[in-house]
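[1] Below is the structure, and that's it, no one-letter string:
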């Protein structure tokens, strides 16, 4: 088994601010993902990474940067926080060639 | 394109009654879709409930079942007798493998289920 941790659990920022969310996994999974979930909606993929130092854009990458510093960690940066992007950000990981993903508990972003 | 549509919530069912949450998918760019049901219980993270990777097969977990029907492009979630502890948000998801071996998941919007006693 393993676990995915996300920090912080709650993130409050000002409009226009640059904010960073962090994710760590100890599954030893190759692939990691960042999703955004708006209230009452499904998850939308922002970025994913299939190995250390790799980055692939998802459907919602505009306004975000990501970094895969090492196999176990994947960070997401909101480059300029906007009020309409208040949401829960979920990190996930999976083994290579397997579609099943494991999710972290999420970071709830509030923009003032 | 690729998409997932599921029963719009919220859904309320009485304890011990049967449940079906509909899920249909479109996988125009995916050769071999994998299908999943994820669940989020109150106060907990998103977790896998069940998965089926082969058309025609049935997956089951915690009394829930879902059959991957390629002809009708459906993956409905069913339970014969629900309990209060089944109250949660259920997400149907379609799995697709990308170039390089990673796998994208395309999620439905979720169905909030409340089981009343």
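    On my side now, so go ahead. Nothing here was measured: the structure is a model prediction, and the numbers come from that model.
[2] Let me know whether the lowest-mean-pLDDT helix or strand in chain B sits next to chain A.
    Among the secondary structure pieces of chain B, namely its helices and strands, strand B:103-107 has the lowest mean (mean pLDDT, DSSP states H and E), a mean of 84. Yes: contact of strand B:103-107 with chain A is found when judged by CB under 8 Å from any CB of the partner chain, involving B:103, B:104, B:105, B:107. From N, CA and C alone the C-beta is placed, and that goes for glycine too.
[3] give me every residue that touches residue B:44.
    If you count contacts by CB atoms under 8 Å, 6 or more residues apart in numbering or on different chains, residue B:44 has them with residue A:105.
[4] now it: how far from residue A:98?
    As judged by CB to CB, to the nearest Å, residue B:44 and residue A:98 stand 23 Å apart.
[5] Now residue 54. Nearest residue, chain neighbours left out?
    Going with chain A. Computed as CB to CB, 6 or more residues apart in numbering or on different chains, the closest residue to residue A:54 that is not its neighbour in sequence is residue A:68, at 6.2 Å.
[6] actually it's chain B I care about, not the one you picked
    Nearest-residue entry for residue B:54: residue B:68, 6.9 Å, with adjacent residues in sequence omitted and distances by CB to CB, 6+ apart.
[7] Then residue B:5?
    Spatial nearest neighbour of residue B:5, excluding adjacent residues (CB to CB, 6+ apart): residue B:24 at 5.2 Å.
[8] wait, is that neighbour part of a strand?
    Yes: assigned with DSSP: H, G, I helix; E, B strand; the rest coil, residue B:24 falls within a strand.
[9] per-residue confidence at it?
    According to the predicted model, the pLDDT of residue B:24 comes to 97.
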